[in-house]
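Asks: Give me a model of this one.
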Amino acid sequence: MSAMLSSTIPAQAAHHHELDIVRQAGHIGAEVRGVRLSGSLQPEVFGAIKAALLKHKVLFFRGQQHLDDAQQEAFGRLWGELVPHPTVPSRDGTRLLELDSRHGGRANSWHTDVTFEVAYPQVSILRAVVIPAYGGDTVWANTVAAYESLPDDVKALADRLRAIHGNDYDYAATRSPADLDEEGTKRYRDVFTRRLLEAEHPVVRVHPETGERSLVLGHFVKRLAGHSTHDSGHLLNVLQSHVHRLENTVRWRWAQGDVAIWDNRATQHYAINDYGDQHRVVRRVTIAGDVPYGVDGAKSVDLTAPAVRAAEAARAVA
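Replies: As a prediction, the model looks like this:
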């Protein structure tokens, strides 16, 4: 376990604090009880949380109503550098992404966060601010378990595949006609795709801390490199079907003040859009990740147009 901990946490730290952990499903997910999240957690407590995340892939914390935006960010900084969403503006004065159901903030399809970036986030931390009386659950899938469930010959094929991810994915495929006609949804999509970003990732990445192999798929995948759209669709459907098998998933019923933390390198998630016109608001911080590499050691490649990257760099300096 010590090899999986960040170099900033003493290797033995996780052994000095026992968390009250209640597993939520057979292959993914655990609730951590009795911890008050903050930016000033003791190193041994944070080390134990990080070790638990690497094991369970997603952790849930009830009763964190004391967290405000600043405190959520402070807790996030324990994990590393906070990175804003590359196209959607952050909540004023913060690096928080607010997902508000009244302004198009619904993501009801399977995805890993921001895989259209070459170094997509390693960890996401989501806080429940306004929760509907019913509906609005989120489901996570273990992409390590999904890979491990593949037959050996399919694993060998997946190990060699690379996929193109982009933020101009088929948005309409996951929305009802009523959703697509809603003005807030249209505005959200326009902002989301105001700059077109692309990256090529190995379909199977090696986790930099655990060494586990996981599938890098989800709705940002446009096609497989070197394959036709037709063949890509068939192959991707086969692989993705292993990700969202019920045995590889966990479903969380939100309450106001809940916090979920997931390893974005080893999971996909799906926010269920079944709550009609009820209001739902959640806020997310993401932690900078590294550039993935595949089984053959080849790293992901940034495919975003150089002009777009130059404009982003200029804005960062201004």
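Asks: Next, Asn142: phi, psi?
Replies: Backbone torsions for Asn142, taken as degrees, to the nearest 10, come to phi -90, psi 110.
Asks: okay but it is in contact with His269, surely?
Replies: No. With contact defined as C-beta atoms under 8 Å, Asn142 does not count as touching His269 (10.8 Å). Every C-beta, even on glycine, is put in place using the N, C-alpha and C of the backbone.
Asks: Mind checking which of those two has more residues around it?
Replies: Under the neighbour definition other C-beta atoms under 10 Å, Asn142 and His269 were set side by side, and Asn142 has more, 30 against 24.
Asks: give the contact list for the more buried one.
Replies: His27, Ile28, Lys57, Asn248, Thr249, Ala266, Thr267 (C-beta atoms under 8 Å, 6 or more residues apart in numbering).
Asks: how far away is Arg223 from Ser232?
Replies: 4 Å (C-beta to C-beta, to the nearest Å).
Asks: residue ranges with poor pLDDT in the stretch 51-200 of the chain?
Replies: 105, 169-194 (pLDDT under 70).
Asks: how about the helices in it?
Replies: Ranges of helices in the stretch 51-200 of the chain, per DSSP state H, counting those that start in this stretch, are 69-77, 143-148, 152-160, 177-181, 183-192.
Asks: Lys55 versus Val281, what's the distance?
Replies: On the measure of C-beta to C-beta, Val281 and Lys55 end up 30 Å apart.
Asks: can you give me the strands in the stretch 1-150 of the chain?
Replies: For the stretch 1-150 of the chain, the strands defined by DSSP state E, counting those that start in this stretch cover 20-23, 30-33, 58-61, 82-83, 97-100, 123-130, 138-142.
Asks: Figure out which of the ones you listed is closest to Ile287.
Replies: strand 123-130 (4.2 Å; C-beta to C-beta).
Asks: what's next to that closest one, contact-wise?
Replies: Under C-beta under 8 Å, 6+ apart, the answer for strand 123-130 is 53, 64, 67, 72, 75-76, 79-80, 113, 138, 254-264, 279-287, 289.
Asks: Report the buried members of these.
Replies: With burial judged by 16 or more other C-beta atoms under 10 Å, the buried subset of the contacts of strand 123-130 is 53, 64, 67, 72, 75-76, 79-80, 113, 138, 254, 257-264, 280-287, 289.
Asks: Tell me who's in contact with the nearest residue to Ser90 once chain neighbours are set aside.
Replies: Leaving out its chain neighbours, the residue that sits closest to Ser90 by C-beta to C-beta, 6 or more residues apart in numbering is Pro84, at 4.7 Å. Counting by C-beta under 8 Å, 6+ apart, Pro84 touches Ser90, Arg95, Leu97.
Asks: Between these, which sits nearest Leu37?
Replies: Of the contacts of Pro84, the one sitting nearest to Leu37 (C-beta to C-beta) turns out to be Arg95, at 17.0 Å.
Asks: so that closest one touches Leu82, yeah?
Replies: Yes. Contact status for Arg95 versus Leu82: in contact at 4.5 Å, counting by C-beta under 8 Å.
Asks: Need the residues touching each of the two.
Replies: Contact criterion C-beta under 8 Å, 6+ apart; residues shared by Arg95 and Leu82: Glu73, Val285.
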